[in-house]
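> based on what follows, work out the 3D shape:
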Amino acid sequence: MAREICIKTPTGMYCKASPIKDCSCERDAGFEDPFPEVPEGMRTASSLVADVESVLKKATGTTDPEEFAERIRVLATITRLVMLPEVRIKEPFLIMSMDLGIPTGSTAN
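As a prediction, this is how the structure comes out:
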């Protein structure tokens, strides 16, 4: 089954093809992914690490160091969320980022 992972941002939605449809915005038809496709045969943690390492090497130096460090943190966060037993990867999902929305002086539970 083809799977689409989309990152929806204020400037557009960047996707890999899938049956998931989002009618709330127009996709950027001119967007070209600079990275190679995810290999089909990845089934182990070591094959994932090797693939991610190759992508990170290609991306190194394309942005400022603080932005790159934040991207690494986001990748680690998404990895942890996806590996939760409660998450059903065979069902559609949307990865997004939100502001905390905690008013100044408040404490979060």
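
> which residues does Met42 contact?
Shown in contact with Met42 (CB atoms under 8 Å, 6 or more residues apart in numbering): Leu48, Asp51. Any C-beta I mention is one placed from the backbone N, CA and C, and that applies to glycine too.

> give me phi/psi at it?
Per-residue torsions, Met42: phi -70, psi 120 (degrees, to the nearest 10).

> what do you get for Ile95?
phi -100, psi 130.

> and it, bridged to which residues?
Using DSSP bridges, the bridge partners assigned to Ile95 are Ile7.

> that one and Thr79 touch, don't they?
No. With contact defined as CB atoms under 8 Å, Ile95 does not count as touching Thr79 (11.3 Å).

> okay, now Phe93: neighbour count?
Phe93 has 16 neighbours, counted by other CB atoms under 10 Å.

> can you offset everything so residue one is 31?
Let's use 31 as the start, then, which means that last one is Phe123.

> model confidence for it, exactly?
The model reports Phe123 with a pLDDT of 72.

> using the three-state scheme, assign Val117.
When classified by DSSP: H, G, I helix; E, B strand; the rest coil, Val117 comes out as coil.

> in this structure, which spans are strands?
36-39, 42-45 (DSSP state E).

> how about the helices in this protein?
Secondary structure of the chain (DSSP state H): helices located at 75-89, 95-112.

> okay, the ones you listed in a markdown table with distance to Asp63 and mean neighbour count next?
As requested, the helices of the chain are exported to a markdown table (distance: least, CB to CB, whole Å; neighbours: other CB atoms under 10 Å):
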| stretch | distance to Asp63 | mean neighbour count |
| --- | --- | --- |
| helix 75-89 | 11 | 12 |
| helix 95-112 | 16 | 12 |
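
> among those, where is the model least confident on average?
helix 95-112 (a mean of 86).
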